[in-house]
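>>> Any chance you could fold what I've pasted below:
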Amino acid sequence: MNNELNEFTGHGAVMINEMYQSWFLDYASYVILERAVPAVEDGLKPVQRRILHAMKEMDDGRFNKVANIIGQSMQYHPHGDASIGDAIVNLGQKDLLIETQGNWGDVRTGDSAAAARYIEARLSKFALEVAFNAKTTEWQLSYDGRKNEPVTLPMKFPLLLAQGTEGIAVGLSTKILPHNFCELIEAAVKHLKGKKFELFPDFQTGGMIDVNNYNDGARGGKVRVRARIEEADKKTVVIRDVPYGITTTQLVDSILKANDSGKIKIKSVTDNTAKDVELTVQLAPGVSTDQTIDALYAFTDCEISISPNACIIIDEKPHFVSASEMLRLSVGHTKALLLKELEIKLNELNEDWHYSSLEKIFIEKRIYRDIEDKTTWEAVLKAIDDGLKPYKKKFRRVVTQDDIIRLTEIKIKRISKYDSFKADEHIKGVEADIAEVKDNIANLNDYAIRYYENLLKKYGKGRERKTEIRPFETIHATTIAIANAKLYVNYKEGFIGTGLKKDEFAFDCSDLDNIIVFRKDGKMVVSKVSDKTFVGKDIIHLAIFQKNDERTTYNMLYMDGKTGITYGKRFNVTGITRDKEYDLTKGNAGSKVQYFSVNPNGEAEIVTITLSPGSKARTKLLDFSFEDLEIKNRGAQGNQVTKYPLKSVKQKTKGRSTLSAPQIWYDDTVGRLNKDSNGMLLGRFDEKDRIFVCYKDGTYEITDFELTNRYDADNVILIEKFHPEKVVTAIYYDAKNKQFNVKRFLVESTTLKNKYSFIKDGEGNYLELVTTQQEPVVIVRTGKKKADVKEQIVPLHETYDVTGWKTVGSYLAGDDLKEISLVPRPGEGEEESEALRLF
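Alright, predicted model coming up:
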């Protein structure tokens, strides 16, 4: 009995295993091919294709209730009304193939569409032109065998790239980002012309995108997408759009969450979105707008990262491709469809010419009279055939019996009113059309180019790029994180943490920070902020660790445990492995630190060393200057200071910095300052130095050189190190008086980060040129006609006096000014010439 049961159980397991393998593969293939992944031919998933086909069947130019469209689509789609309704709304919100009427929701706010019975839709003119042609469509039976449905629509446009798509199947997924309508057509034309092209995503929601790692939309790529954030005033920032795939509700939630966790500090966030997105963020007292904007990008959904994963169905198999490859496939498919259409049209024109010629001969040669006395059908057909025999050589194909039968169907009224001239004109027109179609076939590439250009002309207006392509600066979360935690320390026992509230308070920090710790035994460790961490006993110093900090210098004296010799060293700590213990001494047991100081700008102090009274040294008191030591890496053993034991070490004089002032660069691609040699060098900056910035709207501001500062790169006309003695020379247009004025002034108002307008207020006024050259000379060209143009060299420093920054200025030229150009001055400093910005 047991043997029989075991045999049955084993046999059953084999059957179930085989069934699982077979059924699972069938299911996976079905989901991939029929549900989640779009086809390369038309860029549509099956449900979308069936919806569009159903809408074409219903199309009479008027709007239809979406509920009716759902019912029509259910004849082809076997998955219920909910999935069809969601797919229709998704298509409608993309505003390309479907024209909508009613409340269709809002992708920006996440508001859902009204019920299907309340909203209406119809196919757009664009869809009717590019997606449908019954003559070139391949058909198949619907799921119940009652209807015909298209295998794929004859799509003559890269729809997949224009709309984008997302889907999750069994074992794979696809994510294709939407691209710009006009740019896709322009890229298609470039491809047909054999030129290179580039494609980058474009989103309905606008915003900004960094495409440096897009990788042409293929797997492994990534884009960073940001909302546009503006400073309304010193206490308010306004978010003007949302990143792709994020709603205003999600964005507000992420901001509130970041505020609750202490990563940003705000008073409130208000959603004022109506026609345009507008989220108003009120800042907490004492928080700068620049730091808040950085924090919004670092800690909220104001910036997101999207990884494309372009998977499409080619020849009934999933393939991973790039955006460029998808466009090339689409263009090739479009050319094939255009050729097919031309061949069908050519065949129709040839048939038209053939029958028109038959009819002309049949009527003009009165062949119809030969059948008047014929009594049988066969005799009638033979009489017509015999009558056509003398003219058969003129035809382009064989005259068939069907052609003769068609001639017998001509009515007497048609024969009696036959106009030979009109018939000749019609045949000539058909011949011209045939010649044109043949020429298009012979020059299919040029025909395809004209087709795409016509699409751009007809439908491109209003579809310009909405998402600005620009590189983003890298925001390090630790550098802009707000201190949201308090760090406590037990120096003797060696514990640090935010939860040690009974121990000594160290300083405020962020929960993202790393803490660097130095101990009496000469060991160093860096550990992340946590509730409680053991870092080793006898802590002598701890601080927030700044990675790649080459200015903070540690001065140290330590005694080697093996020899008793005291060594001195100066070192930086730029990079470490977290939680790894580093020995700053020679590594011998018993070594200990005898003096330690932290110097943010590489200061080198003088210390007084008192030797042990029992030492054999003649002089028990000596001075040692750290300036005599070079700054080396943390692993260096240092220089010998004394071989005698020490009693004490005390600082004698404060040190001066041994490092030159840091160099600051301005990167105009992102509007940020940096120390990484990116962009334009502004110079070396000491603590009290400032930056002078002029903007295209005729305003200037003075800022410090904090790396968190943000500048409107598109509107900066001049940025340089501020020198109070430098004269600013500006030329601006006065719209009211229709003249260009010059003013020269010294910067008097220097309150940090306040903008001051230095041109006359008035509608239409604008800044033409600004410079801080010591002796600026301009070439002025005036004249309304080309022949009347006059050129004048004007030394501005000799012609115009230096006045206050609030003055109107003096006349330079009228509104017949053609051009102003600044003459480069030999001998001007590199700093000045690099900082000049003209537009």
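>>> going forward, measure contacts and count neighbours with C-alpha atoms only.
Fine.
>>> Look through every helix and strand of this structure and give the one with the lowest mean pLDDT.
Least confident helix or strand of the chain, by mean pLDDT, DSSP states H and E, is helix 830-835 with a mean of 39.
>>> got the phi/psi numbers for Asp385?
Backbone geometry at Asp385, expressed as degrees, to the nearest 10, gives phi -60, psi -40.
>>> Now do the strands in the stretch 651-800 of the chain.
Using DSSP state E, counting those that start in this stretch, the strands of the stretch 651-800 of the chain run over 663-667, 672-674, 680-684, 691-695, 699-703, 716-721, 727-734, 739-746, 756-757, 766-771, 777-782, 790-795.
>>> Adding mean neighbour count, mean pLDDT and distance to Glu504, write those strands out as TSV.
What follows is these, written out as TSV (neighbours: other Cα atoms under 10 Å; pLDDT from 0 to 100; distance: least, Cα to Cα, whole Å):
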stretch	mean neighbour count	mean pLDDT	distance to Glu504
strand 663-667	21	93	38
strand 672-674	22	90	36
strand 680-684	18	93	39
strand 691-695	21	94	40
strand 699-703	20	93	37
strand 716-721	22	93	43
strand 727-734	22	93	53
strand 739-746	22	93	52
strand 756-757	16	91	47
strand 766-771	22	92	55
strand 777-782	18	91	65
strand 790-795	14	90	67
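>>> Between these, which one is closest to His476.
For His476, the closest of the strands of the stretch 651-800 of the chain is strand 672-674, at 12.7 Å, according to Cα to Cα.
>>> can I get the strands of the stretch 651-800 of the chain in CSV with distance to Val242?
Formatted as CSV, these follow (distance: least, Cα to Cα, whole Å):
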stretch, distance to Val242
strand 663-667, 25
strand 672-674, 22
strand 680-684, 31
strand 691-695, 27
strand 699-703, 29
strand 716-721, 25
strand 727-734, 36
strand 739-746, 41
strand 756-757, 31
strand 766-771, 31
strand 777-782, 45
strand 790-795, 49
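>>> Could I get the phi/psi values of Gln163?
phi -90, psi -30.
>>> Which residue, other than its chain neighbours, is closest to the residue positioned nearest the centre of the chain?
The residue lying closest to the centre of the chain (Cα atoms, centre = their mean) is Ile209, at 1.7 Å. Nearest residue to Ile209, sequence neighbours excluded (Cα to Cα, 6 or more residues apart in numbering): Val225, at 4.5 Å.
>>> my guess is the one you found contacts Ser307, does it?
No. Applying Cα atoms under 8 Å, one finds Val225 not in contact with Ser307, separated by 10.9 Å.
>>> of those two, who's got more company?
Between Val225 and Ser307, counted using other Cα atoms under 10 Å, the more crowded position is Val225 (27 against 19).
>>> For the one helix or strand the more buried one maps to, buried residues please.
Secondary structure from DSSP states H and E places Val225 in strand 223-226. Neighbour counts using 16 or more other Cα atoms under 10 Å place Val223, Arg224, Val225, Arg226 of strand 223-226 among the buried residues.
>>> separation between the residue lying closest to Gln93 once chain neighbours are set aside and Asn148?
Beyond its immediate neighbours in the sequence, the residue positioned closest to Gln93 (Cα to Cα, 6+ apart) is Trp104, lying 7.0 Å away. Trp104 is 30 Å from Asn148, where distance means Cα to Cα, to the nearest Å.
>>> out of the two, which sits in the more crowded spot?
Legend: neighbour count by other Cα under 10 Å for Trp104 and Asn148, higher for Trp104 (22 against 15).
>>> Quick check: that one touching Ala115?
No. Taking contacts as Cα under 8 Å, Trp104 lies outside contact range of Ala115: 9.1 Å.
>>> So which of the strands of the stretch 651-800 of the chain is nearest Val802?
Smallest distance to Val802 across these (Cα to Cα): 4.7 Å, for strand 739-746.
>>> May I have the strands that pair with the closest one, each with its orientation?
strand 727-734 (antiparallel), strand 802-803 (parallel), strand 810-814 (antiparallel) (DSSP bridges).
>>> Which of the strands of the stretch 651-800 of the chain sits closest to Asp294?
Short answer: strand 672-674, nearest of these by Cα to Cα, at 11.2 Å.
>>> so the residue lying closest to Gln250 once chain neighbours are set aside is in which element?
Leaving aside its chain neighbours, Gln250 sits nearest to Asp301 (7.7 Å; criterion: Cα to Cα, 6+ apart). Under the criterion DSSP H and E, no helix or strand holds Asp301.
>>> low-confidence ranges in this protein?
1-36, 169-171, 826-839 (pLDDT under 70).
>>> remind me, longest helix of it?
When the chain is parsed with DSSP state H, its longest helix is helix 323-364.
>>> helices or strands next to it in the packing?
Contacts defined by 3 or more Cα pairs under 8 Å, 6 or more residues apart in numbering; DSSP states H and E place helix 323-364 against helix 159-163, helix 181-192, helix 401-408, helix 420-442, helix 444-459.
>>> Name the nearest residue to Pro318, ignoring sequence neighbours.
Nearest residue to Pro318, sequence neighbours excluded (Cα to Cα, 6+ apart): Ile312, at 5.4 Å.
>>> still on that earlier bit, so which of the helices and strands packed on helix 323-364 is nearest Lys726?
helix 181-192 (46.5 Å).
>>> Going by neighbour count, list what's buried in that closest one.
Buried-residue list, helix 181-192, by 16+ other Cα under 10 Å: Phe181, Cys182, Glu183, Leu184, Ile185, Glu186, Ala187, Ala188, Val189, His191, Leu192.
>>> what's the answer for stretch 71-85, then?
Under the neighbour-count criterion of 16+ other Cα under 10 Å, stretch 71-85 has Gly71, Gln72, Ser73, Met74, Gln75, Tyr76, His77, Asp81, Ile84, Gly85 buried.
>>> Let me see the residues that make contact with it.
Residues outside stretch 71-85 that contact it (Cα atoms under 8 Å, 6 or more residues apart in numbering): 47, 50-51, 53-55, 66-67, 70, 116, 142-143, 147, 149.
>>> Also stretch 460-472?
Stretch 460-472 is contacted from outside by 180-182, 202-212, 669-670, using Cα under 8 Å, 6+ apart.
>>> What of stretch 802-810?
Contacts of stretch 802-810 with the rest of the structure, by Cα under 8 Å, 6+ apart, involve 727, 741-748, 758-760, 800.
>>> nearest to Lys501, of those?
Glu748 (49.6 Å).
>>> Run through the residues that contact the closest one.
Trp805.
>>> try 10 Å
Pro724, Gly804, Trp805, Lys806 (Cα atoms under 10 Å, 6 or more residues apart in numbering).
>>> Dihedrals phi and psi, the residue in the chain sticking out farthest from the centre?
Within the chain, the residue lying farthest from the chain centre (Cα atoms, centre = their mean) is Asp373, at 81.9 Å. As for Asp373, its main-chain torsions (degrees, to the nearest 10) stand at phi -100, psi 10.
>>> For it, list the residues it contacts.
If a contact means Cα under 10 Å, 6+ apart, then Asp373 has Ala379, Val380 as its contacts.
>>> Next: Asp511.
The contact partners of Asp511, by Cα under 10 Å, 6+ apart, come to 261-263, 478, 481-487, 498, 528-531.
>>> now it: how far from Leu822?
Relative to Leu822, Asp511 is positioned 52 Å away (Cα to Cα).
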